[in-house]
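S.K.: Using only what follows, build the 3D model:
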Amino acid sequence: QVQLVETGGGLVQTGGSLRLSCAASGTRFSDYSVAWFRQAPGKEREFVAMINWNDFGTRYAESAKGRFTIARNNAENTASLQMSSLKPEDTAVYYCAAYSTGRYDRASVWNYWGQGTQVTVSS
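M.R.: Take a look at the predicted model:
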């Protein structure tokens, strides 16, 4: 069992940066891949980025490539999402997820979720 808590959301202007953090408690965090998803009002939860548990390989949504960077620190049981060049369309609640059992870009395959942190990008 893993509990996840996201922090770091807030209000930022277009072109600004934010760093989201995901703190994990419980066992086996280092054995799980970790992902970030986001959900805007009236829209489905969508994949943003993922980092493997073993080789730290990463995957990004097209909308995140070149602007967002996912990282993890297994010694501290944390993961992060560094976001830059933010756009109004990045406005959403961002969720950290751990332990996938299928295709990484599908929310339904991730077993553990945080409560989310709001990111608002003003134009």
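
S.K.: ok, and the closest non-adjacent residue to the residue most central in space within the chain?
M.R.: Closest residue to the average C-alpha location of the chain: Trp36 at 2.1 Å, with Cα atoms, centre = their mean. Distances taken as Cβ to Cβ, 6 or more residues apart in numbering place Val48 nearest to Trp36, at 4.3 Å, with adjacent residues excluded. For every residue, glycine as well, the C-beta is placed using N, CA and C.

S.K.: about what we covered before: format the CA atom coordinates belonging to the helix or strand the residue nearest to the centre of the chain falls within as PDB.
M.R.: Using DSSP states H and E, the secondary-structure element containing Trp36 is strand 34-39. Backbone C-alpha positions of strand 34-39 (Å, rounded to 0.1, in the frame of the first residue of the first chain) are rendered in PDB as follows:
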ATOM      1  CA  VAL A  34       5.100   6.800 -11.100                       C
ATOM      2  CA  ALA A  35       3.100   9.000 -13.300                       C
ATOM      3  CA  TRP A  36       1.500  12.400 -13.400                       C
ATOM      4  CA  PHE A  37      -2.000  12.900 -14.800                       C
ATOM      5  CA  ARG A  38      -4.200  16.000 -15.000                       C
ATOM      6  CA  GLN A  39      -7.800  16.700 -15.200                       C
END
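
S.K.: neighbouring strands for it, and are they parallel or not?
M.R.: For strand 34-39, the paired strands and their directions (DSSP bridges) read strand 46-51 (antiparallel), strand 92-100 (antiparallel).

S.K.: Name the residues that touch the longest one?
M.R.: Residues external to strand 92-100 that are found in contact with it (Cβ atoms under 8 Å, 6 or more residues apart in numbering): 2, 4, 6, 9, 20, 22, 24, 29, 32-40, 43, 45, 48, 50, 79, 81, 107, 109-119.
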